[in-house]
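Trainee: Give me coordinates for this.
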Amino acid sequence: MGPTAGRARPGDAPPARPGDAPEAAQEATADATPGILPEATADAAPGILPTVTADATPAITPDATDLPEGTRTGPWTEGSDRGPVPPFPTDELRARLASDPRKSMWIRRAVASAAAGIIVSALADWRLGLTAAAVIAIADTIHRSRTTAAIPAAVRAPSAHRRTRRRLARLDRAGYRALHARAVPGSQCVIDHLVVGPGGVYSVDSERWDRRLPVRATKGGKLYHGPFCQADRLTHAIWAADEARRVVSAALGQQLMVKPAMVIYGPTIPWTVASVRGVDVFCGRRLRKYLQQAAKATSVARLDPDEIERIHAAAAHVLPPTR
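Mentor: Numbers count the residues shown, from 1 in each chain. Have a look, this model is predicted:
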């Protein structure tokens, strides 16, 4: 070996160091196109991703012909047609608001709040006026929630009717016959329950009231549920008994006495049976005892089974059921 064998000559590559990749993996081939990276071989260094070849799996794009009719295939931001927009149901909303029984209450609350806010703003400051309007609205909301029924009347009435009907069904073995939801010919009103039994004939009006409000009766013949006078319900009970007496008596050809009664579900009734304007008012749970005690009273002429059936048949004929 000559004296220059261990020296590096100008133009020679630097000597390889431990850890360097093999020369074959680092140098490009002689026929490689300038500017294009070579493909990574199978023994390429770790961490280098292979070049995607032409036979790779292409991106899957759904065919527009396979989609349902009317499906948008482009972005929503393209074009002026963004699809049909459903119209806002203004007519339906207006009709629901107009028929809502709470509309008058909302109007009064808004008027009271606005008046309080304007007056306080004129006398002091608009901030105090806004606070006064909010206080009035909140106070009225709390007051109404404690003095109005939480259950609509359309829901309360059928519920009370069903409960009374179940209680009367238990009295069949005791000789009581009942008709439910009977219309009076020539009138829009309905008799809730007509009961015929050994103690006589009764027209029973079923009511379900808010249990949060107390029930009281005055010596002047008035019935109150909270702050609300129930004179119209007493009038209805009296009217139903009079109409049942008139129609059934005409069908029988003899005068018949029909006693009006009102059963109440929900609030606590502070008495056993109270006579208010001639209507016996009591709790719905006492209906069975009320009828049985009335049949035991010595002042009442008891009806025998044949009379009960005859009166019941006549009432069923002249008082058609409601639909």
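Trainee: And stretch 226-246, what's buried?
Mentor: Using 16 or more other Cβ atoms under 10 Å as the burial criterion, the residues of stretch 226-246 that qualify are 226, 230, 233-234, 236-241, 243-245. Yep, even glycine has a C-beta here, placed from its N, CA and C like the rest.
Trainee: Please apply the same query to stretch 275-287.
Mentor: V276, R277, V279, D280, V281, F282, C283, G284, L287.
Trainee: Format those residues as TSV; extra columns: secondary structure and pLDDT.
Mentor: Output for these, formatted as TSV (DSSP: H, G, I helix; E, B strand; the rest coil; pLDDT from 0 to 100):
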residue	secondary structure	pLDDT
V276	strand	93
R277	coil	92
V279	strand	93
D280	strand	94
V281	strand	95
F282	strand	94
C283	strand	94
G284	helix	90
L287	helix	92
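Trainee: for those residues, which one is nearest A294?
Mentor: Proximity of these to A294 (Cβ to Cβ) peaks at D280, which lies at 8.9 Å.
Trainee: tell me the domain boundaries of this protein?
Mentor: What the record gives for the chain is the domain set 102-147, 153-318, from automatic domain parsing.
Trainee: Distance to T90 for these - can I get that in a markdown table?
Mentor: Shown next, in a markdown table, are the domains of the chain (distance: least, Cβ to Cβ, whole Å):
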| stretch | distance to T90 |
| --- | --- |
| domain 102-147 | 17 |
| domain 153-318 | 26 |
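Trainee: Out of these, which gets the lowest mean score?
Mentor: The weakest mean pLDDT among those belongs to domain 102-147, with a mean of 83.
Trainee: D91 is nearest to which of the domains of the chain?
Mentor: domain 102-147 (16.6 Å).
Trainee: Please enumerate the helices of the chain.
Mentor: 23-26, 90-99, 103-123, 126-147, 153-169, 231-252, 287-296, 305-318 (DSSP state H).
Trainee: Does A112 touch D140 like I think?
Mentor: Yes: in this structure, A112 is within contact of D140 by Cβ atoms under 8 Å, at 6.7 Å.
Trainee: before we move on, the earlier item: which of the domains of the chain has the highest mean neighbour count?
Mentor: Of all these, domain 153-318 carries the top mean neighbour count, a mean of 17, counting by mean count of other Cβ atoms under 10 Å.
Trainee: gap between G278 and S203?
Mentor: For G278, the distance to S203 (Cβ to Cβ, to the nearest Å) stands at 12 Å.
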